[in-house]
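Undergrad: Pasting a predicted model and its sequence here:
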Amino acid sequence: MARATVFESAQLGKETTSGTAVSANLYIASLGIGDPDPQGKFTPFRPSGSKFNTVMRKGKEHSILPWTMALDYNGIVYVQESLFGATTPSQPDASGAPSVYRWVHKPSTGADTPVTYTVERGSSSRAARFVYALFNSLSFSVESNKEDSEVSGNMLAQKIEDGISMTSSPTTVAAVPILPEHWAIYIADTQTALDSATALDNVLKVDFSYGDKNSPVFYVQRNTTFAGTAEKYADIGGLLSVEANAAGMAYLSNVRDMDEKWIRLEAEGNTIEGSYKYTWQIDIPIWFSSLPGFGDSGDVYAANFAFVARKDSTLGSALQITTTNTISSI
């Protein structure tokens, strides 16, 4: 029987030592890992006087794995632990709401410590393994009535290992979807002021992106793939699309004056326990970074303001993501 595409799935396992394979014992229901893209350069050599190539040479290898996730309060922390650095969740009310956990991810001004994974991708017909796999970029859009919102990006991993058997009976991480009616967008002058700000009522769409964050590092060693990674500058920013009315066009003065602002993208879902709800809150200190573009958005005339993250001295970072869910550890 042919190797059917429909059965191709992916599993993850958290590595103890980056690059040392572990069992991929997690199946994240909201996460899809796409077709692997093995990277490696092969160069033939043709000496002078020869009509044909006589030698083939190859360099070291690594892999790019595209990923997509249906926006999900639970699954997203597995991405954030790798992309923004490992953290330990807190329990805001351990006695009154013991099933509630809060994750705060804030990229540091120095080197982050990312969680790396062993990824197994394939089926019972045939499968491949990728070690030292880390989430390396992220982007998504919030729209007024888009029920199939997804977050996507790329993973970076060492070379492909073909012909493995996938770990049996992985634990499923159930999805808790983030829906269009969960979202509210806020803008204020400080992060503290976001807490009392009124949600904007003229937002049509918000785009956000982060990455690429890491590059593979190849040392002069007797190995065939990368030995580590190095952080690099990662673009953090997006686009705020608002109705081009008086309230929306008020941001034009913020652009021209290069005002320092904060934007909060906040999704709030159902109650977990007590007064605690599923939340995914993204706080970004920003500058608006371009004059607006204009165009139609669902039959509404829109003004589109690009923004870029900036380092805030009080936060000590350019981004903070707070996730409230039922995941106690990864």
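TA: In hand now; what should we look at? Residues are numbered from 1 along each chain as shown.
Undergrad: Centre of the chain to stretch 174-188, how far?
TA: 16 Å (C-alpha atoms, centre = their mean, to the nearest Å).
Undergrad: Next, the buried residues of that stretch.
TA: A175, V176, P177, I178, H182, W183, A184, I185, Y186, I187, A188 (16 or more other C-beta atoms under 10 Å). Where C-beta positions appear, they are placed from N, C-alpha and C, glycine not excepted.
Undergrad: again with stretch 284-298
TA: Applying 16+ other C-beta under 10 Å to stretch 284-298 flags I284, P285, I286, W287, F288, S289, P292, S297 as buried.
Undergrad: Could you double-check that W262 lies in contact with I185?
TA: No - using C-beta atoms under 8 Å, W262 is not in contact with I185, being 11.5 Å away.
Undergrad: shared neighbours of the two, anything?
TA: Shared contacts of W262 and I185, defined by C-beta atoms under 8 Å, 6 or more residues apart in numbering, are absent.
Undergrad: Okay, now the unreliable bits of the stretch 101-250 of the chain?
TA: For the stretch 101-250 of the chain, no stretch has pLDDT under 70.
Undergrad: Strands along that one, start to end?
TA: Taking DSSP state E, counting those that start in this stretch as the test, the strands found in the stretch 101-250 of the chain are 101-105, 117-122, 127-135, 137-143, 150-157, 161-164, 171-173, 183-188, 203-211, 214-217, 228-231, 235-243.
Undergrad: Need the ones you listed in CSV (columns: distance to Y251).
TA: Formatted as CSV, those follow (distance: least, C-beta to C-beta, whole Å):
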stretch, distance to Y251
strand 101-105, 27
strand 117-122, 40
strand 127-135, 31
strand 137-143, 17
strand 150-157, 25
strand 161-164, 50
strand 171-173, 39
strand 183-188, 8
strand 203-211, 11
strand 214-217, 33
strand 228-231, 32
strand 235-243, 7
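Undergrad: can you tell which of the ones you listed is closest to L252?
TA: Evaluated over the strands of the stretch 101-250 of the chain, closeness to L252 peaks at strand 235-243, with 11.0 Å, by C-beta to C-beta.
Undergrad: List of residues touching that closest one?
TA: For strand 235-243, using C-beta under 8 Å, 6+ apart, the contacting residues are 185, 200, 202-211, 248, 251, 263, 284, 286, 289, 297, 300-309, 318-319.
Undergrad: in which helix or strand would I find V77?
TA: helix 76-83 (DSSP states H and E).
Undergrad: ok and that helix relative to strand 101-105, angle-wise?
TA: Computed by axes from the mean of the first three to the mean of the last three C-alpha atoms, to 10 degrees, the angle separating helix 76-83 from strand 101-105 equals 30 degrees.
Undergrad: Convert the C-alpha atoms of helix 76-83 to PDB, please.
TA: Taking Å, rounded to 0.1, in the frame of the first residue of the first chain, the C-alpha atoms of helix 76-83 are listed here in PDB:
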ATOM      1  CA  ILE A  76       0.800  28.000  22.300                       C
ATOM      2  CA  VAL A  77       2.900  27.600  25.400                       C
ATOM      3  CA  TYR A  78       4.900  24.800  23.800                       C
ATOM      4  CA  VAL A  79       5.800  27.300  21.000                       C
ATOM      5  CA  GLN A  80       6.600  30.100  23.500                       C
ATOM      6  CA  GLU A  81       8.800  28.000  25.700                       C
ATOM      7  CA  SER A  82      11.100  27.400  22.600                       C
ATOM      8  CA  LEU A  83      10.800  30.800  20.900                       C
END
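Undergrad: can you give me the mean pLDDT across it?
TA: What helix 76-83 shows for mean pLDDT is 97.
Undergrad: now for it, which elements pack on it?
TA: Helix 76-83 is packed against strand 62-70, strand 101-105, strand 127-135, strand 137-143, strand 150-157, strand 320-325, with contacts defined by 3 or more C-beta pairs under 8 Å, 6 or more residues apart in numbering; DSSP states H and E.
Undergrad: Give me the contact list for that helix.
TA: Taking C-beta under 8 Å, 6+ apart as the rule, helix 76-83 contacts 12, 26, 28, 31, 67, 69, 87, 89, 103, 105, 114-117, 134-138, 151, 153, 173, 210-211, 213, 280, 321, 323, 325, 327, 330.
Undergrad: What number of residues are in the vicinity of L194?
TA: 17 (other C-beta atoms under 10 Å).
Undergrad: Quickly note the distance from it to I321.
TA: 14 Å (C-beta to C-beta, to the nearest Å).
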